[in-house]
Each structure stands twice: as structure tokens, then as C-alpha cells.
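In: need a structure here:
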Amino acid sequence: MDDLEKAILISFDESGTLDSGLKSQAVTFCQQVKENPSICSICIEKLCFCELFQIQFWCLQTLHEVIKVKYGSMSFEEKSYIRKSVFSMACFEAFDDKCTVRVLESPAFIKNKLAQVFVTLIYFEYPLIWSSVFLDILPHLSKGAVVIDMFCRVLNALDDELISMDYPRTQEEVAVAGRVKDAMRLQGIAQIVKAWYDIVSTYKNSDPELCTTVLDCTRRYISWIDIGLIVNEVFLPRLFELILVNGPPEQLRGAAAGCVLAVVSKRMDPQAKLSLLKNLQISRVFGLISEDNDPEFVSSIAAMLTGYAVEVLDCSKRLVSEDAKVVSIELLDEVLPTVFYVIQNCEVDATFSIVQFLSGYVSNMKTLSQLRDQQLFHISRILEVILTQIRYDPTFRNNLDVLDKIGVEEEDRMLEFRKDLFVLLRNVGRVAPEITQCFIRNSLASAVASSSDRNVEEVEAALSLLYALGESMSDGAMRAGILGELVTELLSTRFPCHSNRLVALVYLETIARYMKFVQENTQYIPSVLAAFLDERGIYHPNIHVSRRASYLFMRVVKLLKSNLVPFIEMILQSLQDVVARFTSMNFGSKELSGSEDGTHIFEAIGLLIGMEDVPLEKQSDYLSSLLAPLCRQVETSLMNAKVLSPEESPAKIANIQQIIMAINALSKGFSERLVTASRPAIGVMFKQTLDVLVQILVIFPKVEPLRSKVMSFIHRMVDTLGASVFPFLPKAMEQLLAESEPKEMVAFLLLLNQLICKFNTLVWDILEEVFPVIAGRVFSAIQRLAGSVPETNTEEFRELQELQKALYTFLHVITTHDLSSVFLSPKSRDYLNPMMHMLLHASCHHKDILVRKAGVQIFTRLIKDWCTGPYGEEKVPGFRSFIMDAFATNCCLYSVLDKSFEFGDANTLLLFGEIVMVQKVMYEKFGDDFLAHFISKSFPPAHCPQDLAVQYCQKLQGGDIKALRSFYQSLIESLRVQQNGSIVFR
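Out: Predicted coordinates for the structure are as follows:
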């Protein structure tokens with residue numbers, strides 16, 4: 001064993017016992033050997049004498065790499081030597097008298113690598129240099145299975161490496177593939193096909209595995225060779241003989257079916273295709289599906305029949321003659337029953353393809369004015385298929401009910417699997433609505449009557465059909481015909497398996513989906529309410545069902561609203577136990593796991609009792625009976641907060657949090673007009689509640705979940721109480737400002753934005769007080785951001801970024817709501833200069849274009865607010881010179897000149913529009929002073945020609961903003977070309 005062989009063995013070692021340094025040296029040594037000019041000879045010599053698979057593989061891999069990279073620079077003699085050697089190896093010949101090893105006696109992975117090397121030679125040499133390559137191999141097939149197997153490996157590798165379009169190819173590879181196929185069609189492929197036929201005929205009994213290999217290879221080539229080579233009186237009957245006769249192994253029969261599938265899938269003229277499909281007499285294979293055959297073979301037959309059906313359908317779409325239509329309809333009618341049988345009774349891989357075919361078949365029916373009886377029968381069978389396929393496996397019943405890990409996986413799998421089937425259902429519903437609805441009604445009746453060991457899955461599937469059908473239903477269709485009867489039956493039926501989670505969920509979802517029908521038929525409202533308010537819904541023993549029921553009930557209330565006024569007493573009575581859980585002091589932590597879900601009930605109650613249709617006295621009683629105990633519970637918790645043990649504290653905090661969410665949800669049903677104008681007594685209750693909840697901020701100033709929930713409630717009260725919320729704001733804001741973490745400050749700025757947008761200048765006094773505090777904290781925090789390394793991506797860095805964006809939005813809201821004078825108040829004046837420079841930097845450099853746009857808009861408003869005119873008194877000393885010296889030059893010119901300013905980007909164009917607009921505003925406010933300054937100070941460093949500067953003045957002085965914008969863009973693009981180096985921002 002020489003050094004190279006030792007190095008190869010060491011480099012391939014996976015035992016983990018060798019020193020990593022030694023292995024690294026071995027790999028390096030092997031790489032160095034590859035650079036040897038005689039490497040191909042070295043590899044071929046090793047392949048002659050070495051039986052070690054690692055060395056054989058390395059030599060073949062190296063040959064493959066060297067031929068691919070260095071073929072063009074090889075000598076004629078070297079190419080001939082490689083060609084002769086590789087060909088001899090592939091044909092089980094010794095290319096040297098001294099050769100003692102045959103590569104074809106090695107394992108499959110070595111032979112596959114040899115095939116890859118062979119195909120690389122074909123890539124470079126066929127047909128110009130080695131035109132007879134395929135004809136040269138054929139005589140050697142008589143040596144038997146070992147060469148035939150190698151020949152198939154070469155053809156398969158040729159397909160994988162070059163011909164097949166299933167893999168991405170370069171333009172060069174596509175061109176070479178075209179050249180190879182054209183040459184093979186002219187010389188070689190006919191002889192190859194004859195060899196395939198002869199091999200199958202000779203070895204079908206003695207070596208069926210070899211025949212299977214040959215037919216798998218044949219299948220790959222059928223798509224592009226002359227179809228007459230396969231579809232003739234010799235080859236095609238042989239394929240059907242193999243499929244239909246019981247003797248051959250299932251793998252061989254399946255390979256033959258794969259070839260027939262390739263034949264029917266081959267692209268050709270639709271008329272010729274239809275004739276071919278008819279002449280196949282495919283009905284011969286139908287019986288194979290129902291027999292007790294191997295599942296893999298059945299899958300092959302199923303795939304073949306599905307492909308056949310797809311092609312017949314395609315022909316029927318593409319052909320217009322009546323005769324062709326009749327033939328295609330007959331062929332479809334013939335094959336469809338077997339397709340239905342396959343998908344309903346066999347475990348096959350073709351299920352997805354069959355569903356896609358059925359979708360195409362149903363879509364094709366949309367073009368027909370009237371359906372034939374046979375087509376209506378097929379529609380019924382398609383519905384049966386859908387019902388069968390969407391049914392859960394009873395094996396997973398318990399897993400799905402308790403929703404353990406296996407149950408979650410199965411539910412997710414079925415959710416995905418059902419998508420295409422439900423699309424198919426809705427298409428069937430459009431083509432044949434009455435048949436679809438009758439089928440669902442019968443399925444429901446049958447499911448209810450079925451035995452208890454089956455009815456869970458059957459009821460769930462039938463309800464799921466009804467639910468899915470409703471997705472595409474118009475309001476009119478929902479109210480009329482059989483569907484109305486279906487909804488009526490749904491509401492009146494008590495399913496024996498209602499305790500099952502899946503059944504209960506789909507039942508409630510289906511009722512919610514068909515509420516339009518109930519809106520029109522209010523006599524069913526009691527039935528709907530009963531379904532949601534008894535053990536089928538909110539009181540269902542399964543927590544997942546009861547939570548979902550709460551949410552769906554809230555949606556039902558939103559939809560029915562005023563129709564429910566007569567039922568309010570009954571509803572509140574039914575919900576007493578649910579409400580009591582929120583008003584009891586022992587709300588255990590285990591019950592809090594679905595914290596958001598419980599609040600849906602309070603939202604539903606709020607929607608019910610918040611209507612003006614409810615008499616004031618009753619409304620007050622209802623609201624008081626809910627708010628009073630909740631507030632008492634909060635007050636009690638706050639009084640006892642100091643004596644809480646560490647173990648008790650989390651549960652009490654969670655309890656308070658839950659109560660705030662419940663009150664917040666309850667308030668959603670009350671409009672501002674009702675609580676402030678028509679029924680102020682209701683408003684008083686909410687004010688008292690707000691007063692109690694603000695105390696939470698005092699007692700628990702650092703508990704973030706409570707702060708955020710109280711903040712959310714204040715947001716709600718701003719919308720509900722209107723201006724009457726003002727007296728409560730100072731105390732709330734004092735507490736909210738006590739914490740200055742970036743996250744808390746972002747939430748606080750959002751609250752201020754809401755107040756400003758709702759009340760405009762009425763919030764001036766509040767802003768005057770809080771702005772200096774905000775500015776002091778936020779500006780210093782943002783300075784930390786400016787000092788951070790750009791690659792930093794910590795949680796703190798992201799929070800500071802959010803705070804920075806929130807600040808710019810806040811400043812934008814202030815300026816666009818006539819409140820810019822807040823910046824000039826004595827308390828805020830100290831922050832004016834840093835704010836201006838921060839805004840200037842953001843307007844010029846911020847990576848978020850929308851932030852830059854907001855910055856420019858802020859400056860536009862400030863110029864309008866603080867600059868009275870060209871000769872007026874300066875309202876803010878130094879502001880005018882700052883705008884002309886710093887803002888106009890850096891933002892309006894230099895930032896736009898930067899190559900990073902992309903005119904092709906939509907948001908950048910919006911920013912550019914604002915930059916043009918602010919120049920117009922500066923000219924209106926500063927007059928010719930602005931023009932003179934901009935032309936004399938800003939343009940020269942940008943190398944702006946005098947004629948363009950003159951044109952700029954004319955456009956700015958004109959009244960056409962679009963013309964100014966268009967000119968300024970062309971000016972910037974022109975200056976970019978003329979620039980010598982980049983502009984330095986000042």
C-alpha cells in the first residue's frame with residue numbers, strides 16, 4: 001500500500017480513533033496529489049489493481065472532477081486513454097493485460113460514481129467526438145446482467161445529470177441536453193429501445209429485478225423519444241402483459257405501469273393523444289385495484305389511472321369537435337368509478353393527484369349549461385370521497401379529545417390535508433348546490449344514527465362539510481332552500497357525542513358561520529343561545545371548547561345585538577357562574593392559564609347591556625352589579641397588598657390583571673355618546689371604576705403586566721368618556737411617568753398620541769407638563785442608541801430603536817395638531833436645540849425612509865408655525881438661519897444627492913415629494929433670501945451649473961409643484977453624474 005492509498009484510507013476514516021491532525025494531513029496530501037499532471041493515469045491504474053472501495057471511490061470522484069474542470073486542456077492522447085479506460089470498466093472488460101480488478105464487481109455506490117464519470121465524457125464528447133458511444137455499448141449487453149445493470153445506471157445518470165428538467169440547469173447544460181437528445185433521436189435511441197424490449201422479454205422470468213431496473217430506466221426516456229418506439233404492436237402489449245399477468249413480482253408489474261403512465265402523460269397533439277388513450281383499453285387494469293394485491297403495486301396502478309384520467313380531461317378541454325367530446329366523456333365515465341374506489345378504499349400515494357384531478361373535473365363542469373345524469377352521479381361520488389377523506393382515524397380519538405402531543409400533530413396534519421378537499425367541496429357546491437346540501441343533510445342524519453364507536457368521527461366530518469360549505473355561501477343562498485332546513489336541523493339536533501372536543505368545536509363554529517340565517521329567522525335565537533350557554537358551549541367540560549365558545553358567543557352577540565334585548569335577563573342569569581369566577585377572591589392560578597378567553601364573556605355582556613334599547617334603570621342595575629363587585633375586589637387586594645406573602649403575591653396580581661381585562665372588555669359595549677350625553681349616570685360608574693384602577697399604579701408601580709393593563713383601560717376610557725376623562729389624567733400620568741424604561745415610555749407616548757388626535761389643542765396644558773420630562777428621558781436614552789455599535793442586536797438596542805421611532809411619531813403628532821407652541825414653553829425651551837439637531841439627523845440619515853419623511857413633515861409644519869413671512873419678526877430666534885443653513889442644505893440637497901437615495905423605491909419617492917414641498921414652503925416664508933442662500937451656499941459644493949440653478953429658481957417661483965418636483969429630480973440625477981467625489985454632510 002503506497003502513501004496515497006494510506007492517505008485516502010485515513011481521510012475516509014469515520015471511527016473517531018485517528019488523530020484529527022493526522023486526518024487533516026492526509027486530506028491535504030490527497031489534494032496535493034490531485035494537482036499532479038498525471039492524476040488521471042494514477043487513478044485509472046489504482047482502479048485496475050485496488051479492491052478497497054474507499055480508494056475506488058476516491059479515484060472515480062477525482063476523475064469526475066478533473067474531467068469536468070480540465071477536459072479542455074487535456075491532450076488528445078490523454079482523452080483517448082480516459083475514454084478507452086472508462087468504457088472498458090463500464091463494459092466489464094480489462095483495458096490492460098495486467099488489470100486484476102473489475103469495478104462492476106464493486107458495490108452500487110461505486111458503479112453509480114463510474115456512471116457519473118461516463119456521463120461527464122458524454123457531456124463533452126457526444127456526438128462530435130464519440131458519436132458511436134451508445135452503439136458501442138449495445139453489443140456488450142450480451143455479457144449479461146452486470147453490464148445491463150451498468151448500462152441502465154449510465155442512462156439514469158445521463159437523465160439525472162443532464163436531461164431531466166426536474167433539476168435547475170444552466171443555459172449551457174440546457175443547450176448540451178438538447179444536442180444530446182437530438183443526436184440520440186437520429187442514431188441510437190431506436191436501438192436502445194429494442195435492447196430494452198429484448199432484455200425484458202428474455203429476463204422477465206429469470207431475472208425480474210433486472211427487468212424492473214430496465215423499465216424504470218425506460219420510463220425516464222419516454223417523455224422525449226418518438227412515442228412510436230413504445231406505442232406499437234410489440235412493446236405496449238408487452239407492458240400490459242407484465243401488468244395483467246399474476247406471475248411477475250409486483251415491483252416489475254409496477255415498473256411496467258410506470259411506463260404506461262409515462263406514455264399517457266407524454267405531451268402531444270390532443271387529437272392524437274385522445275386516440276392513443278382510447279386504444280389503450282385501460283379498463284383491462286380496473287380489476288387489479290380491487291384484488292388483494294401488494295399496496296405498492298396498487299399505488300402504481302392508481303397513479304397510472306389518475307394520470308390517464310387527467311389526460312382524458314385535458315383532451316376534453318382542448319378539443320372542440322363533438323365527436324372528440326363524446327369520446328372523452330365516455331372514457332371519463334369509464335375510469336371515474338375506479339378512481340373513486342381507489343381514493344376511498346386504498347392506501348395510495350396518488351390521493352393528492354386524484355383530488356387535483358377531481359377539482360379540474362368539477363371546474364370543467366362550470367362551463368356546462370346542464371349536467372348529464374351520469375355527471376350528477378359522479379358529483380355524488382365526489383362528495384362521498386370528500387366525506388371519507390376528511391374523516392379522522394378513530395385510533396386518535398382520545399389523543400384529539402385531550403389534545404396531547406399526538407393529538408396536536410394529528411389535528412395539524414388533518415387541517416392541512418383537508419384544505420384541498422374543502423376547496424373541492426365548495427366547487428361542487430357551486431356546480432350542484434342542491435345535491436351538495438342534500439348529501440350533507442343525509443350525512444348528518446346517518447352520522448347521528450350510527451353506532452357510538454363510529455359516530456364521533458362521522459358526526460365531526462358531516463359537520464365539517466356543512467361548516468366548509470358555508471365559507472363561500474352568499475347571504476341569499478344561506479336563507480333559502482335545503483340549506484335553511486339544514487341549519488334548522490343543526491340547531492334542533494342533540495348529538496350523542498357532543499362531549500367530544502372536535503364535535504363540540506365544529507358544531508359551535510358551524511352555528512356561528514350560519515348566523516345570517518338566524519338574523520333572518522329570529523325564531524331560532526333561543527336555540528342558538530341554548531347551544532352556547534349550556535354544556536355544549538360555555539359550560540362544556542373541555543376547557544378548549546368552553547374558551548372557544550366564549551369567543552364565538554361574543555361574535556354572535558355582535559351580530560344579533562338588538563335582537564337579543566328580550567333575552568338579556570336570561571343570558572345574564574345563565575352566565576352568573578362564569579361572572580362569579582371573576583368576582584370571587586379565590587380565582588386560582590390554574591384557572592388563569594387562558595387569561596384572555598374569559599374576557600370575551602364580559603365583552604359579550606357589555607355589548608348586550610350597552611345598547612340604548614335597554615332601559616336606563618335596568619342598564620344601571622346590570623352595570624352596577626358587574627362593576628361594583630369587581631372594583632371591591634381590586635380595592636380589597638390593594639389594601640392587603642403590603643401584607644401579602646411572596647407566595648400569595650403572583651396569584652393576587654394575576655387576579656387583579658384578570659379583573660382589569662374583564663372591565664375593559666365590558667366597557668367596549670358602551671359608546672361615548674351614551675355615557676357622556678344620553679346617559680351620564682353610566683359615565684359616572686366608569687369614572688369611579690377608572691379612579692379605582694388608577695390606584696393600582698400607585699400600589700404596584702413596577703409590575704409591568706398591571707401597568708400595561710391599566711394603560712389599556714385608560715385608552716379605552718379616552719374613547720368612552722371623551723373629555724370627561726381629563727380630571728383623571730394628571731394622577732395617571734404622574735404614575736405612568738414614574739417608570740422610564742424604553743418599553744414603558746413607548747406605551748406612554750402612544751397614549752399621548754391618542755389624546756392629541758382626539759382632543760387637539762385641549763391637551764396643551766397636559767403636554768406642557770409632561771413634554772419636558774419626556775424629552776429629558778428620551779433624548780438621553782436615544783443618545784445611548786447613537787453610541788451603540790451598528791451590529792448590536794440586543795433586546796435593549798431594539799427597545800431603544802422602537803423608542804426612537806415612537807418619539808418621532810409623537811413629535812409628528814404634536815406638530816400636525818397645532819401644538820408646536822408646546823416646544824416653546826419656558827419648561828421645554830431647553831430641549832429645543834437638541835430636538836432640532838436630532839430631527840435634522842433623522843431627516844437626513846435615518847435608515848427608515850418613513851421616519852425621514854416624518855422628520856421633513858415636522859420641519860414643514862414648524863416653518864409654517866414659527867415663520868411669519870420674509871420680513872416678519874422672528875418668533876423663534878435662530879430658527880430661520882438653522883433652517884436655511886443646516887436643514888435646507890443637508891436635507892433638501894446633500895441627503896438627496898447621496899446614491900443611497902433610491903428614486904426607484906416608492907417610499908423614497910414619497911420622501912422626495914415632501915422635500916420638494918418644504919422648499920416651496922421655505923420660499924413662501926423666507927422669499928428671495930432663501931433662494932439667494934440656497935443658490936450661493938448650497939449649490940456650488942455640489943458642482944451645480946449656473947444654467948440649472950437659474951432654472952431651479954424659475955421652477956420654485958412658479959406655481960406648478962409637479963413641474964418643480966420633476967425638474968428637481970432631473971437636477972439631482974444630473975448633479976450625481978457631475979459630482980467629483982461624494983458630498984460631505986455638514
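
In: So residue 862 is in contact with residue 812, correct?
Out: No - here residue 862 does not reach residue 812: they are 11.1 Å apart, not a contact under Cβ atoms under 8 Å. C-beta: built from backbone N, CA, C; applies to glycine.

In: Please, which helix or strand holds the spatially most central residue of the chain?
Out: Centre of the chain computed as the mean C-alpha position; nearest residue by Cα atoms, centre = their mean is residue 416, 13.0 Å away. Assigning secondary structure by DSSP states H and E places residue 416 in helix 405-431.

In: Rounded mean pLDDT for that helix, please.
Out: For helix 405-431, the mean pLDDT works out to 94.

In: Which of the residues in that helix are classified as buried?
Out: Within helix 405-431, the residues scored as buried using 16 or more other Cβ atoms under 10 Å are 407, 410-411, 414, 418, 420-431.

In: lowest-pLDDT helix or strand in the protein?
Out: helix 475-479 (a mean of 67; mean pLDDT, DSSP states H and E).

In: contacting residues around residue 569?
Out: For residue 569, the contact set (Cβ atoms under 8 Å, 6 or more residues apart in numbering) is empty.

In: Next one: it from residue 599, what distance?
Out: 22 Å (Cβ to Cβ, to the nearest Å).

In: The stretch 601-750 of the chain: strands as residue ranges?
Out: Assigned by DSSP state E, counting those that start in this stretch, the strands in the stretch 601-750 of the chain number zero.

In: just for it, where's the confidence low?
Out: 647 (pLDDT under 70).

In: Quick one: list the elements packing against the helix or strand hosting residue 554.
Out: In the assignment (DSSP H and E), residue 554 maps to helix 543-560. With contacts defined as 3 or more Cβ pairs under 8 Å, 6 or more residues apart in numbering; DSSP states H and E, helix 543-560 has these neighbours: helix 501-513, helix 515-520, helix 525-533, helix 595-609.

In: Quick one, which of the ones you listed gets closest to residue 759.
Out: Among the helices and strands packed on helix 543-560, helix 595-609 comes nearest to residue 759, with 24.2 Å by Cβ to Cβ.

In: Can you list the buried residues in the closest one?
Out: 597-609.

In: Also stretch 922-931?
Out: Result for stretch 922-931 [16+ other Cβ under 10 Å]: buried residues 922-923, 925-926, 930-931.

In: These: which two are farthest apart?
Out: Taking Cβ to Cβ, no two of the buried residues of stretch 922-931 sit farther apart than 925 and 931, at 12.1 Å.

In: Give the rounded mean pLDDT of stretch 114-128.
Out: Rounded mean pLDDT across stretch 114-128 is 95.

In: How far does that stretch sit from its chain's centre?
Out: 42 Å (Cα atoms, centre = their mean, to the nearest Å).

In: same check, this time on stretch 630-649
Out: 45 Å.

In: residues in contact with it?
Out: 582-583, 585, 652, 655-656, 659-660, 662-663, 688-689, 692-693, 695-696, 699-700.

In: let's see 7 Å
Out: The contact list for stretch 630-649 (Cβ atoms under 7 Å, 6 or more residues apart in numbering) reads 582-583, 585, 652, 655-656, 659, 662-663, 689, 692-693, 695-696, 699.
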